[in-house]
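Asker: Everything below, folded, please.
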Amino acid sequence: MTKRIGNIKDLPVIGWREWVKLPDLGVSRIKVKVDTGARSSSLHVFDLSEFSKRGEKWVRFKIHPAQRSQKNIVATEAEVLEYRSVKSSSGKSTIRPVIITNVKLLELIWPVELTLANRDEMGFRMLLGRQATRQHFLVDPGGSYYGGKPKRKKKKRKRST
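Answerer: I've put the predicted structure just below:
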């Protein structure tokens, strides 16, 4: 149940792109595009397969959490809420599985419906739509990373001899 905020000024501000955690799926960080023009949220997955668990529909899938990288792979599974027809930004409709999972941003953890799709051609591995941010955040379309950036690993320098 979404808690209504009494005053819009009480909402924390986030930017058009942020780093979030998906603790239920084992993803410690993934960069998302916060898109108020998109109704639903979407996660890039691959090797998606359906199976039955305790009489319910579940999906097993893999995630590449790092943008433009296929090195890190997170294998996970989730119960299917439903299958939904979703129209992509190019106007093509597809039927996608929908799951509910917790998202963590700015120390706030809340459940979000995610459609699972192949977003290989897209710039971000995850899209956070307006249903997910409504009544939780104000979005600054000119700002980024209000929740901070993860520390980058320093590259090792080669020593010249």
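Asker: Quick one: residues contacting Asn118.
Answerer: Asn118 is in contact with 44-46, counting by C-beta atoms under 8 Å, 6 or more residues apart in numbering. To be clear about C-beta, it is placed using only N, CA and C from the backbone, and glycine gets the same treatment.
Asker: now swap in Tyr145 and tell me
Answerer: 15, 17-19.
Asker: Does anything pack onto the host helix or strand of Lys21? Which helices or strands?
Answerer: Per DSSP states H and E: Lys21 is located in strand 17-22. Under the contact definition 3 or more C-beta pairs under 8 Å, 6 or more residues apart in numbering; DSSP states H and E, strand 17-22 sits against strand 27-35, strand 93-105, strand 126-129.
Asker: what about these, which gets the closest to Lys71?
Answerer: With C-beta to C-beta as the criterion, Lys71 lies closest to strand 27-35 of these, at 14.0 Å.
Asker: tell me how far the ends of stretch 126-146 are from each other?
Answerer: Taking C-alpha to C-alpha, to the nearest Å, stretch 126-146 runs 17 Å from one end to the other.
Asker: gap between it and the chain center?
Answerer: 11 Å (C-alpha atoms, centre = their mean, to the nearest Å).
Asker: just to revisit the earlier point, go through the helices and strands packed on strand 17-22 and pick out the most buried.
Answerer: Highest mean neighbour count of the helices and strands packed on strand 17-22: strand 126-129, a mean of 25 (counted as mean count of other C-beta atoms under 10 Å).
Asker: Export the contacts of Asn118 as CSV, with columns for pLDDT and distance to Lys151.
Answerer: Shown next, in CSV, are those (pLDDT from 0 to 100; distance: C-beta to C-beta, whole Å):
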residue, pLDDT, distance to Lys151
His44, 93, 24
Val45, 95, 26
Phe46, 94, 27
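Asker: Show me the beta-bridge partners of Val27.
Answerer: Beta-bridge pairing of Val27 under DSSP bridges involves Leu22.
Asker: wouldn't it be in contact with His44 here?
Answerer: No: if you go by C-beta atoms under 8 Å, Val27 and His44 don't touch, sitting 11.2 Å apart.
Asker: which one of the helices and strands packed on strand 17-22 lies closest to Phe51?
Answerer: Short answer: strand 93-105, nearest of those by C-beta to C-beta, at 11.8 Å.
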